[in-house]
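Engineer: A structural model of the following input is requested.
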Amino acid sequence: MNEMNAGGVRQRSVEIVVPVYNEAHVLAAGVGRLHAYLEASFPFPFRITIADNASTDATWEAALALADRLPHVHAVHLDQKGRGRALKHVWSRSAADVVAYMDVDLSTGLEGFLPLVAPLLSGHSDLAVGSRLHRQADVVRGPRREFVSRSYNLLLRLGLAAGFSDAQCGFKAVRADVFRALAPHIEDTAWFFDTELLVLAQRNGLRIHEVPVDWVDDPDSRVDIVRTAVDDLKGMGRMLRATVDRRVLVSGVPRRARRSWVPAAHRARTTADAAPRTTADAAPRRASDVAPRTASRTTAPPTGIAAASLPQLPRNLKDMEYAS
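Structural biologist: Okay, the predicted model is just below:
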């Protein structure tokens, strides 16, 4: 997975975890489709890891068969259940630069995967989440699940001041170094794991990128909505207490490198202009020293800055579109 480009520079890589429990009947189709899509269109080195958390059917055997057949697929087995436990186990040990996960049913359109991980690979953001509640998302699901999802995320905004719109979408990514710093402070091993990760990230000033997703709900979902809702409410209470006690603040969290697009020559000029003037500089100039104004404007760069050093905007900037 640690591949070099033509210039001998190591390419950034991504590990995608597919956590499964008793999914033998859909595992081959889901992972096969994901593998084919990434091989055909994903421009970075990747690994798909099937994380079997204590399945009692033939899921583990199916996972091993896929790992033998597909070059970028690996499989791990855990003796205990829990999506959060499976993600924490694999992500903490990953050699990739960015770690991600998605559900085996591939409810989320795979076209959203590169927009999900690109801001993390570039260093722009720390975490990325798919959102079914984004105004530009395209979602197909029943009214009951829609109500539960919107109610839960409303509670998060009211109770924990959450700045993200969809905590439970099964489509997330995080920089591996950031996750390793946060992982020891994540207590939940089941469905609240996602929310706890996002709240910790927000409390520690990390940048969370949201991607509107295309989502088609899986009618075969095994999630117990009532039990999950109760566990989530308990988790919210625990996170609220941790916030009040300031136990959510984590030391040693990697920070993004702050970059500036302003040319060095322009920064030097700005600094010089901001310096305090001397008495001689502040003295009024004679009328003969002042150049007459003309009606035309000049487009030449400020003195001391070469035109080539200024940032050049794309010629087709007016035709570019940006998703909000």
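Engineer: tell me, what residue is most central in the chain?
Structural biologist: The chain has Ala128 as the residue nearest its centroid, 1.8 Å off, counting by C-alpha atoms, centre = their mean.
Engineer: residues contacting the nearest residue to Val76 once chain neighbours are set aside?
Structural biologist: Distances taken as C-beta to C-beta, 6 or more residues apart in numbering put Ala51 closest to Val76, at 5.4 Å, once the chain neighbours are dropped. Yep, even glycine has a C-beta here, placed from its N, CA and C like the rest. By C-beta atoms under 8 Å, 6 or more residues apart in numbering, the contact set of Ala51 is Val17, Val18, Pro19, Val20, Ala75, Val76, Leu78, Ala86, Leu87, His89, Val90.
Engineer: count of residues packed around the fourth one?
Structural biologist: The number of residues packed near Val20 is 25, by other C-beta atoms under 10 Å.
Engineer: and it, backbone torsions?
Structural biologist: phi -140, psi 150 (degrees, to the nearest 10).
Engineer: relative to Leu66, how far out is it?
Structural biologist: Distance, Val20 to Leu66, using C-beta to C-beta, to the nearest Å: 11 Å.
Engineer: between the two, which contacts overlap?
Structural biologist: By C-beta under 8 Å, 6+ apart, the residues touching both Val20 and Leu66 are Leu27, Ile50.
Engineer: tell me the spacing between the residue nearest to the centre of the chain and Leu240.
Structural biologist: 25 Å.
Engineer: how about Ala28?
Structural biologist: Ala28 is 42 Å from Leu240, by C-beta to C-beta.
Engineer: and what of Arg203?
Structural biologist: Distance from Arg203 to Leu240, by C-beta to C-beta: 11 Å.
Engineer: please say which of the two ends up with more neighbours.
Structural biologist: Using other C-beta under 10 Å as the criterion, Arg203 and Leu240 rank with Arg203 on top: 18 against 15.
Engineer: which residues does that one contact?
Structural biologist: Counted by C-beta under 8 Å, 6+ apart, Arg203 has contacts Thr243, Val248, Leu249.
Engineer: who are the packing partners of the helix or strand encompassing Arg241?
Structural biologist: Taking DSSP states H and E as the criterion, Arg241 maps to helix 225-244. If you count contacts as 3 or more C-beta pairs under 8 Å, 6 or more residues apart in numbering; DSSP states H and E, helix 225-244 packs onto helix 143-160, helix 193-203.
Engineer: looking at these, which is nearest to Pro115?
Structural biologist: helix 193-203 (18.1 Å; C-beta to C-beta).
Engineer: and stretch 162-181, what's buried?
Structural biologist: Neighbour counts using 16 or more other C-beta atoms under 10 Å place 162, 164-176, 178-181 of stretch 162-181 among the buried residues.
Engineer: before we move on, what about stretch 147-157?
Structural biologist: Neighbour-count burial for stretch 147-157 [16+ other C-beta under 10 Å]: Val148, Ser149, Tyr152, Asn153, Leu155, Leu156.
Engineer: let me see the contact set for the nearest residue to the last one once chain neighbours are set aside.
Structural biologist: Nearest residue to Leu156 in three dimensions, chain neighbours excluded: Ala162, at 3.9 Å (C-beta to C-beta, 6+ apart). If a contact means C-beta under 8 Å, 6+ apart, then Ala162 has Asn153, Leu156, Leu198, Val199, Gln202 as its contacts.
Engineer: roughly how far apart are Val31 and Leu66?
Structural biologist: Computed as C-beta to C-beta, the Val31 to Leu66 distance reads 5 Å.
Engineer: these two: who's more crowded?
Structural biologist: Shown here are Val31 and Leu66; by other C-beta under 10 Å, Val31 has more neighbours (26 against 21).
Engineer: give me the element that one is part of.
Structural biologist: With DSSP H and E as the criterion, Val31 is inside helix 24-41.
Engineer: ok, Asp68 next?
Structural biologist: Residue-wise, Asp68 maps onto helix 59-69 under DSSP H and E.
Engineer: ok, now Asp52?
Structural biologist: Using DSSP H and E, Asp52 falls in strand 46-53.
Engineer: just to revisit the earlier point, buried residues in the very next helix or strand once past the helix holding Asp68, which are they?
Structural biologist: The element immediately downstream of helix 59-69 (helix or strand, assigned by DSSP H and E) is strand 73-78. Neighbour-count burial for strand 73-78 flags Val73, His74, Ala75, Val76, Leu78 (criterion: 16+ other C-beta under 10 Å).
Engineer: do the same with stretch 211-219
Structural biologist: Result for stretch 211-219 [16+ other C-beta under 10 Å]: buried residues Val211, Pro212, Val213, Asp214, Trp215, Asp218.
Engineer: what about these, which are in strands?
Structural biologist: Val211, Pro212, Asp214, Trp215 (DSSP state E).
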